[in-house]
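Novice: test case, fold it:
(2 chains)
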There are 2 protein chains.
Amino acid sequence: MTPDWIAVDWGTTRLRVWAMQGSQALQSRHSDKGMGGLPRDGFEPALLELIHDWLPAQGRMPVIACGMVGARTGWAEAEYRATPCTPLDPLRATRPDVGDARLDVRILPGLSQAAPPDVMRGEETQIAGYLALDPGFDGTLCLPGTHCKWVRITQGRVTGFQTFMTGEIFSLISRQSVLRLSMAGAVSDVAAAALGAADAMADPHAAMRGLFALRAGSLLDGLAPAQAAGRLSGLLIGTELGAARDFWHNHKTIIIGAPELAALYQVPMQAAGADVTRMDGGQLVLSGLTAARTALQEIS
Amino acid sequence: MTPDWIAVDWGTTRLRVWAMQGSQALQSRHSDKGMGGLPRDGFEPALLELIHDWLPAQGRMPVIACGMVGARTGWAEAEYRATPCTPLDPLRATRPDVGDARLDVRILPGLSQAAPPDVMRGEETQIAGYLALDPGFDGTLCLPGTHCKWVRITQGRVTGFQTFMTGEIFSLISRQSVLRLSMAGAVSDVAAAALGAADAMADPHAAMRGLFALRAGSLLDGLAPAQAAGRLSGLLIGTELGAARDFWHNHKTIIIGAPELAALYQVPMQAAGADVTRMDGGQLVLSGLTAARTALQEIS
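Specialist: Numbering: from 1, shown residues only, chains lettered A, B, ... in the order given. Presented below is the predicted three-dimensional model:
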């Protein structure tokens, strides 16, 4: 079986490709050649390195990509489509110049919101993937990670979204601030995280007040690193949950992400009475890229 | 004139020494040999490098030090005195072992608080320095910096304090998170900082909600780096001011610190009706060390 198109998820730190036949993945590969480390002329070689033996001897191979590859400092800038809108419009993809004539590359647009200002690149394709599975969904999708996206969906459209930097802030504080001395590399204790999240949901000042107390707690009371890391994680996530309450309060919510991280969001939300489930979204980006491929074929 | 004692302010990143005669500073020197970069056997050489020509041919030179030099990973661990207590008790100083017999070194204790857990090392000496100038002070001292200390003073005693990591968090987010791309090295715009602080004092969720909006604002609306940096600074300081309200609301407050930073705290506090003044605390640590020297002489 030979591929008839290639799907590409190209983020800041990672490149992942699939050889596709219709909606079926024949093979997948990945490298650490994320957008963040590549000069403009480094994108085509990084892609060819992974897919060269999937290309035909002659003719052109459709390649559909999403993510930070479309950023201003990426391969070629893809536009931001203004919400409210559907998550996907492959006709508005950007087509970078290529040296290898066998490549027919399209980079899908991201989404933007005017007020409050916000943007996404890549998550819109996961959202499209989710809606391909559940087209009638009305509610909120939560996509935690380095930057967590909260997304309101109504009638197949993204009607509003908000980005929180919680994951990146946790990483900076736990690894580089003075608190690193109290949690060095420890895996977050889940119970301490839940308690920290509950405290921060009850009092939005709890995180600011509670950070240095983790350092002092380890100096004075021997607070264990896993407890300190868990509480830090919970304080930050709980503050986010408080700030994002309008997204999940009285709206059916699905958390899409790796199980451990998704649970850190789900547990305190359930304790607060939210209607919230979670799913591992590992395949959603491929479903979204496949939806884009299908849409392009239906048009042509 | 020859010194009769030596004052030492030894923090994480910097070492500063004064040749003293009574309460008069004859000369001062400094180096970047802060506690953070020194192994245990590196402290005495780092000190001697700055003061060797101030030492007598024979006899011992009193050296009184404060700050992170007394941390567990410093020269010798100085105790934490439990609050409520006076800021200073030089009789409980730690005396590290020294190789050079001319050195008679005392490291002043820090302060601790059991609940919520908190600690300080060095600021207690600045506080003592302030109280030497204004012994009857009843109110709050605010010492902004990498870690900001809020300190309640009653009848010459520290009755409670709280540490906020605002300065360190600002530094990490502005230099290392994705927001660095929107504020690279810019000096914070003062008006944007004041507005951000007011927003965060009015809504404790404003900071969490407003961080990524700075990145999106620069991508979508051309938000200027100085505006973005100012607003980030203001959002974080305003959140701290909201969390620390019990310290300054209805308490006379003095902000002790460099003028630009102190103003970022003072302006939004004044807008909220606080009784707040500020002073540049550059000499307070020396006043505190001098008070310790005087106390030791009165006892002996």
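
Novice: low-confidence stretches in chain A?
Specialist: A:1 (pLDDT under 70).

Novice: which ones are touching the most centrally placed residue in it?
Specialist: Centroid check for chain A by Cα atoms, centre = their mean gives A:Glu123 as the closest residue, at 5.2 Å. By Cβ atoms under 8 Å, 6 or more residues apart in numbering or on different chains, the residues touching A:Glu123 are A:111, A:143, A:149, A:151. C-betas here are computed from N, CA, C, even on glycine.

Novice: got TSV for these, with distance to chain B and neighbour count too?
Specialist: Below are the contacts of A:Glu123 laid out as TSV (distance: Cβ to the nearest Cβ, whole Å; neighbours: other Cβ atoms under 10 Å in any protein chain shown):
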residue	distance to chain B	neighbour count
A:Leu111	11	25
A:Leu143	13	24
A:Lys149	9	23
A:Val151	14	27
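
Novice: those residues: which two are farthest apart?
Specialist: Farthest pair in those (Cβ to Cβ) is A:Leu111 and A:Leu143. Separation: 12.5 Å.

Novice: pull the number of nearby residues for the spatially closest residue to A:Pro144 that is not a sequence neighbour.
Specialist: In this structure, A:Pro144 finds its nearest non-sequential neighbour in A:Gly257, 4.7 Å apart by Cβ to Cβ, 6 or more residues apart in numbering or on different chains. Neighbourhood size, A:Gly257 [other Cβ atoms under 10 Å in any protein chain shown]: 23.

Novice: show me the strands in chain A, by range?
Specialist: A:5-10, A:15-21, A:24-31, A:61-66, A:80-82, A:103-107, A:110-113, A:118-120, A:139-143, A:148-154, A:157-164, A:253-256, A:276-279 (DSSP state E).

Novice: could you dump these into a markdown table with distance to A:Met183 added?
Specialist: Converted to a markdown table, those look like this (distance: least, Cβ to Cβ, whole Å):
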| stretch | distance to A:Met183 |
| --- | --- |
| strand A:5-10 | 31 |
| strand A:15-21 | 31 |
| strand A:24-31 | 30 |
| strand A:61-66 | 34 |
| strand A:80-82 | 37 |
| strand A:103-107 | 39 |
| strand A:110-113 | 34 |
| strand A:118-120 | 30 |
| strand A:139-143 | 25 |
| strand A:148-154 | 21 |
| strand A:157-164 | 21 |
| strand A:253-256 | 24 |
| strand A:276-279 | 25 |
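
Novice: to B:Leu131, which of these lies closest?
Specialist: Taking Cβ to Cβ, strand A:157-164 is the member of these nearest to B:Leu131, at 42.6 Å.

Novice: how close does A:Leu38 sit to A:Ala243?
Specialist: Noted for A:Leu38: a distance of 34 Å to A:Ala243, by Cβ to Cβ, to the nearest Å.

Novice: compare those two (neighbour count), which wins?
Specialist: When A:Leu38 and A:Ala243 are compared for neighbours, A:Ala243 comes out ahead with 24 against 19, by other Cβ under 10 Å.

Novice: once you drop chain neighbours, what's closest to the more buried one?
Specialist: Counting by Cβ to Cβ, 6+ apart, A:Ala243 lies nearest to B:His205, which is 3.8 Å off, once chain neighbours are set aside.

Novice: surely A:Ser31 and A:Gly11 touch.
Specialist: No. The criterion here is Cβ atoms under 8 Å, and A:Ser31 misses it with A:Gly11 at 11.7 Å.

Novice: between the two, tell me which one has more neighbours.
Specialist: Comparing A:Ser31 with A:Gly11 by other Cβ under 10 Å, the one with more neighbours is A:Gly11, at 19 against 13.

Novice: burial count for the residue lying closest to the more buried one once chain neighbours are set aside?
Specialist: Leaving aside its sequence neighbours, A:Gly11 sits nearest to A:Gly67 (Cβ to Cβ, 6+ apart; 4.7 Å). Counted with other Cβ under 10 Å, residues neighbouring A:Gly67 total 28.

Novice: show me the contacts for A:Gly67.
Specialist: A:9-12, A:35, A:121-122, A:125.

Novice: hmm, which of these are the buried ones?
Specialist: A:9-12, A:35, A:121-122, A:125 (16 or more other Cβ atoms under 10 Å in any protein chain shown).

Novice: residues contacting A:Thr154?
Specialist: With contacts defined as Cβ under 8 Å, 6+ apart, A:Thr154 is in contact with A:Asp138.

Novice: partners of it in the sheet?
Specialist: Taking DSSP bridges as the rule, A:Thr154 bridges to A:Arg157.

Novice: could you check how far it is from A:Ser23?
Specialist: Spatial separation of A:Thr154 from A:Ser23 under the definition Cβ to Cβ is 26 Å.

Novice: kindly state the beta-bridge partners for A:Ala19.
Specialist: Using DSSP bridges, the beta-bridge partners of A:Ala19 come out as A:Ile6, A:Gln27.

Novice: tally of neighbours for it?
Specialist: 22.

Novice: wait, it touches A:Trp54, no?
Specialist: Yes. The pair A:Ala19 / A:Trp54 is scored as a contact, 4.9 Å apart, by Cβ under 8 Å.

Novice: list the residues that contact both of these two?
Specialist: Residues touching both A:Ala19 and A:Trp54 (Cβ under 8 Å, 6+ apart) are A:3, A:6, A:27.

Novice: tell me the contacts of the second one?
Specialist: The contact partners of A:Ile6, taken as Cβ under 8 Å, 6+ apart, are A:17-20, A:51, A:54, A:61-64.

Novice: and the residues you listed, which is closest to chain B?
Specialist: Of all the contacts of A:Ile6, chain B sits closest to A:Ile64, with 23.4 Å by Cβ to the nearest Cβ.

Novice: now do the same contact list for the closest one.
Specialist: By Cβ under 8 Å, 6+ apart, the contact set of A:Ile64 is A:5-8, A:90, A:93, A:106, A:108, A:289, A:292-293, A:296.

Novice: so which of those comes closest to chain B?
Specialist: Nearest to chain B among the contacts of A:Ile64: A:Leu108, at 17.1 Å, using Cβ to the nearest Cβ.

Novice: that closest one touches A:Tyr80, doesn't it?
Specialist: No. A:Leu108 sits out of contact with A:Tyr80 when judged by Cβ under 8 Å, with a separation of 11.2 Å.

Novice: with neighbour numbers in mind, choose between these two.
Specialist: Applying other Cβ under 10 Å to A:Leu108 and A:Tyr80 shows that A:Leu108 carries more neighbours, namely 29 against 20.

Novice: apart from its chain neighbours, what residue comes closest to the more buried one?
Specialist: In this structure, A:Leu108 finds its nearest non-sequential neighbour in A:Cys66, 4.5 Å apart by Cβ to Cβ, 6+ apart.

Novice: do the same with A:Asp32
Specialist: Counting by Cβ to Cβ, 6+ apart, the residue nearest A:Asp32 is A:Arg14, at 6.2 Å.

Novice: counting by contacts, list what the longest helix that chain A contains packs against.
Specialist: In chain A, assigned by DSSP state H, the helix with the most residues is helix A:225-243. Judged by 3 or more Cβ pairs under 8 Å, 6 or more residues apart in numbering or on different chains; DSSP states H and E, the packing partners of helix A:225-243 are helix A:166-176, helix A:180-183, helix A:190-202, helix A:206-221, helix A:259-271, helix B:206-221.

Novice: elements contacting the last one?
Specialist: Think helix B:206-221. For helix B:206-221, the packing partners by 3+ Cβ pairs under 8 Å, 6+ apart come out as strand A:110-113, strand A:118-120, strand A:157-164, helix A:225-243, helix B:180-183, helix B:190-202, helix B:225-243.

Novice: quick one: contacts of it?
Specialist: Against helix B:206-221 from outside (Cβ under 8 Å, 6+ apart): A:72, A:80, A:112-114, A:116-119, A:147, A:162-166, A:169, A:239-240, A:243, B:173, B:178-179, B:181-183, B:196, B:199-200, B:223-225, B:228, B:231-232, B:235-236, B:238-239.

Novice: and the closest residue to A:Ser171 other than its chain neighbours, how many residues sit next to it?
Specialist: Nearest residue to A:Ser171, sequence neighbours excluded (Cβ to Cβ, 6+ apart): A:Thr146, at 7.4 Å. By other Cβ under 10 Å, 16 other residues sit near A:Thr146.

Novice: good, we can wrap up now.
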